[in-house]
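Student: pasting the sequence and the predicted coordinates here, then a few questions.
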Amino acid sequence: MAVKDLFPGFAARRVRTAGAAIHALSAGRGMPVLLLHGYPQTHAMWHAIAPALAREYTVVCADLRGYGDSSKHGADFSKRAMAADMVTVMQRLGHERFHVIGHDRGARVAHRLARDHGARVASITVIDICPTLAMYGRSDMAFARAYWHWFFFIQPAPLPETLLARIGFDGMLALLTQATAGRGGFDKRALAEYRRCFTPATMHAMCEDYRASAGIDLDHDRADANKKLTMPLLAIWGTRGVVGKQFDCEAEWKRVARNVRGVAVDCGHFVPEERPRETLAAMRAFLKEVA
């Protein structure tokens with residue numbers, strides 16, 4: 001059974017943006033919802049969420065620039081550029097205004113998308129992150145030990161890329177789930193997809209994503225420090241993960257947005273795959289509330 005079978009009825013599209021070629025799937029009808037994945041995953045992480053949402057909404061699942069089957073070339077992996085990719089994707093699919101939901105790296109792209117293109121964003125849902133500026137600004141020894149990859153991946157190439165190539169996808173995932181209190185729940189077909197896409201080009205792009213977060217992304221966030229997001233925002237986090245244990249997630253998002261709800265889920269970092277029912281229920285309730 002191929003990964004495409006995890007998304008019955010979804011059609012694949014490849015959209016060329018100003019700086020990348022983005023792979024996306026879409027299905028459903030109704031108000032558009034854009035789903036953005038995290039590290040080290042692809043759009044396949046939404047396999048337990050997207051088909052159910054597509055019964056009520058038009059759902060678009062996209063691979064971020066540098067990930068999955070989207071292009072790996074280019075030098076700009078700022079969240080600003082990655083967010084602009086997604087605006088182009090949604091426009092090409094006929095969606096001028098939409099909800100955006102992101103996990104991990106995808107949530108950081110969603111945050112920047114809401115900042116730069118607020119008129120297009122009906123609501124934003126961020127899963128198991130706090131704002132990048134807050135997480136770096138409140139770093140301590142416990143955070144550095146748990147999120148060591150944040151500080152390793154930003155080192156100059158090719159050191160991080162060399163380690164990633166040596167340990168491979170399975171080694172990387174084992175380290176991540178241990179550090180972030182992940183409890184599994186990964187579908188074998190989704191894992192096979194993540195593994196297939198974990199190429200040297202992807203490893204470099206992933207590191208560039210993290211390097212941007214520790215550089216130009218912080219500059220962009222600082223420039224917006226006094227501007228609060230106005231659209232409704234839902235923050236979902238895993239109580240067993242680093243974000244849940246070391247940060248007041250809801251409070252951190254209230255620092256940057258005016259209209260915030262928070263939902264804690266009993267799991268680790270990979271919330272949509274560890275606890276898909278609870279995640280979907282929180283999403284649906286929020287989307288209906290803000291409709």
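Tutor: That came through, no problem.
Student: and the residue lying closest to residue 20 once chain neighbours are set aside, how many neighbours?
Tutor: Nearest residue to residue 20, sequence neighbours excluded (Cβ to Cβ, 6 or more residues apart in numbering): residue 65, at 4.3 Å. Heads up, the C-betas are built off the backbone N, CA and C, glycines and all. By other Cβ atoms under 10 Å, the residues close to residue 65 number 29.
Student: next one: the nearest residue to residue 216 once chain neighbours are set aside from residue 60, what distance?
Tutor: Leaving aside its chain neighbours, residue 216 sits nearest to residue 78 (4.8 Å; criterion: Cβ to Cβ, 6+ apart). Distance from residue 78 to residue 60, counting by Cβ to Cβ, to the nearest Å: 22 Å.
Student: can you give me the helices in the stretch 101-250 of the chain?
Tutor: Taking DSSP state H, counting those that start in this stretch, the helices of the stretch 101-250 of the chain run over residues 105-116, 132-137, 141-146, 148-152, 159-179, 188-197, 200-213, 216-223, 242-246, 249-254.
Student: between the ones you listed, which one is closest to residue 231.
Tutor: For the helices of the stretch 101-250 of the chain, proximity to residue 231 was assessed by Cβ to Cβ; helix 105-116 is nearest, at 6.4 Å.
Student: returning to what we had before: can you say which of the helices of the stretch 101-250 of the chain is packed in most?
Tutor: Mean neighbour count (mean count of other Cβ atoms under 10 Å) peaks for helix 105-116 among those, with a mean of 26.
Student: got a list of contacts for that one?
Tutor: 34-39, 64, 78-80, 82-84, 86-87, 100-102, 120-121, 124-129, 131-132, 209, 213, 217, 220, 224, 227, 229, 231, 233 (Cβ atoms under 8 Å, 6 or more residues apart in numbering).
Student: so for residue 1, what's the pLDDT?
Tutor: Per-residue confidence (pLDDT) for residue 1: 52.
Student: residue 272 contacts residue 278, correct?
Tutor: No. Look at residue 272 against residue 278 with Cβ atoms under 8 Å: they stay out of range, at 9.5 Å.
Student: between the two, which one's more packed in?
Tutor: residue 272 (29 against 17).
Student: low-confidence ranges in the stretch 151-291 of the chain?
Tutor: Applying pLDDT under 70 to the stretch 151-291 of the chain flags the ranges 179, 181, 183-184.
Student: same thing but 80
Tutor: 179-184 (pLDDT under 80).
Student: on that earlier part again, show me what contacts the residue nearest to residue 20?
Tutor: 19, 20, 22, 71, 74, 77, 81, 82, 85, 205.
Student: that's a helix at it, yeah?
Tutor: No. In this structure, residue 65 is coil, not part of a helix, as judged by DSSP: H, G, I helix; E, B strand; the rest coil.
Student: do you know how far it is from residue 8?
Tutor: 27 Å.
Student: which among the contacts of helix 105-116 count as buried?
Tutor: 34-39, 64, 78-80, 82-84, 86-87, 100-102, 120-121, 124-129, 131-132, 209, 213, 217, 220, 224, 229, 231, 233 (16 or more other Cβ atoms under 10 Å).
Student: quick one: which of the residues you listed sit in strands?
Tutor: 34, 35, 36, 100, 101, 102, 121, 124, 125, 126, 127, 233 (DSSP state E).
Student: of these, just say which sits nearest to residue 52.
Tutor: Looking across these and measuring by Cβ to Cβ, the closest to residue 52 is residue 35, at 11.7 Å.
Student: touching, that closest one and residue 41? I think so.
Tutor: No. Contact criterion Cβ under 8 Å: residue 35 and residue 41 do not qualify, at 11.4 Å.
Student: who are the contact partners of residue 287?
Tutor: Contact analysis of residue 287 by Cβ under 8 Å, 6+ apart lists 31, 33, 57, 99, 123.
Student: before we move on, what about residue 264?
Tutor: By Cβ under 8 Å, 6+ apart, the contact list for residue 264 reads 236, 237, 238, 239, 244, 249.
Student: and which of those residues is nearest residue 282?
Tutor: Nearest member of those to residue 282, counting by Cβ to Cβ, is residue 236, at 5.6 Å.
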